[in-house]
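Trainee: Sequence and predicted structure below; questions after.
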Amino acid sequence: MEYARVVPATFLRRPNRFIAEAEVEGKAVVAHVKNTGRCRELLVPGAKIYLEDFGENRPGRKTRYDLIAVWKGDLLINMDAQAPNRVFYEWVKDDGRAWRPEVKWGDSRFDFYWQDGDAEGFVEVKGVTLEEDGAAVFPDAPTERGLKHVKELIRAKGLGYSAAICFVVQMERARYFAPNDRTHPAFGQALRAASEAGVDISARLCRVTPDSLSLGAEIPVVLSPRRGRSSM
C-alpha cells in the first residue's frame, strides 16, 4: 500500500490519543494519530516522523495531516492502525480463496472471513508497533477487544472453522514475536490457549518506507512468558 503525499516532520507532543502536534518546515501543525495505542517509546518530543498531507480545506476532515510513521533510532515504524488489514488483504487476495472483510460472527466482528469450497475460516489481523530488545510484542496497552477476539477464535475452531491470527509487525526488524504478558497477562494466556486449541498464530515483518508499507518475511512466534522489560 502507498500513501499519496508524505512530508517529514518533528513530533512535539500528544495532547490526547487522537491528536499530535508537530512541526513542518518551521510551522506548528496538528495531525490525526491513526493509532490509539500508548506508543510512549515512539512519540517522544523531537522524534522524526512522517505525515500524510491531505491539503487544506479537505471536506470531512478535521485535520490536514495524518501521522503515519516514526523513526525509533535507525528503525522506521509505521503507525497507521488501518494499514495492517490493508497489507494483509493485498497479500492474500489472489490466493484462490474468496475473502470478505469485517464479518460478524457470534459476539465478535472478525477482520476477515474466507471460503474455499467446503472449507471456511476466520482471520484476525493485529498491528504491532512495539519493539523491545529485538522482539516485536503485542499489545502495548491492555486490549479487552483483542482478548475477546482470541476467545471467539478458539470457539470458532472448536466448531470446525479454520481460525488464525496474523500479527503484522509494522517494521523491518525483529527477531521474533511474543505476547506482552507484563502489560496484559490475560491476552498472553489466551494466545497460548488458542495455540493449544489449534488456532494458527503467525507474525510477519513489513517493508517500510515513508510512503509505503508491504508485508514481508515471517518471523518465529514465541509464546512462552518473557522476562523482558514492561512497556508501561
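Mentor: Okay, I see it.
Trainee: Neighbours of Gln115, how many?
Mentor: 12 (other C-beta atoms under 10 Å). The C-beta positions use only the backbone N, C-alpha and C, and glycine is treated the same way.
Trainee: same check, this time on Glu25
Mentor: Glu25 - counted by other C-beta under 10 Å - has 8 other residues nearby.
Trainee: how close does it get to Pro8?
Mentor: Distance, Glu25 to Pro8, using C-beta to C-beta, to the nearest Å: 9 Å.
Trainee: Touching whichever strand or helix holds Ser195 from outside, list them.
Mentor: Using DSSP states H and E, the element containing Ser195 is helix 185-196. The contact list for helix 185-196 (C-beta atoms under 8 Å, 6 or more residues apart in numbering) reads 138-139, 142-143, 146-147, 150-151, 153-154, 157, 163, 165, 179-181, 201, 223, 225.
Trainee: okay, it in CSV with CA atoms only?
Mentor: Extracted C-alpha coordinates of helix 185-196, given in CSV (Å, rounded to 0.1, in the frame of the first residue of the first chain):
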residue,chain,number,x,y,z
PRO,A,185,-1.2,-11.2,31.0
ALA,A,186,-4.7,-12.4,30.2
PHE,A,187,-4.0,-11.8,26.5
GLY,A,188,-0.9,-13.8,26.6
GLN,A,189,-2.7,-16.6,28.4
ALA,A,190,-5.5,-16.6,25.8
LEU,A,191,-3.0,-16.7,23.0
ARG,A,192,-1.3,-19.7,24.4
ALA,A,193,-4.7,-21.4,24.9
ALA,A,194,-5.6,-20.5,21.3
SER,A,195,-2.4,-22.2,20.0
GLU,A,196,-3.1,-25.3,22.0
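Trainee: Pull out the buried positions in it.
Mentor: Phe187, Gly188, Gln189, Ala190, Leu191, Arg192, Ala194 (16 or more other C-beta atoms under 10 Å).
Trainee: Could you report the distance from the last one to Leu147?
Mentor: For Ala194, the distance to Leu147 equals 11 Å [C-beta to C-beta].
Trainee: cool, and Val92?
Mentor: From Val92 to Leu147 the distance is 25 Å (C-beta to C-beta).
Trainee: Then Trp91?
Mentor: Trp91 is 25 Å from Leu147, by C-beta to C-beta.
Trainee: now Tyr89
Mentor: 24 Å.
Trainee: Please apply the same query to Ala81.
Mentor: 17 Å.
Trainee: swap in Ala163?
Mentor: Separation of Ala163 from Leu147 (C-beta to C-beta): 15 Å.
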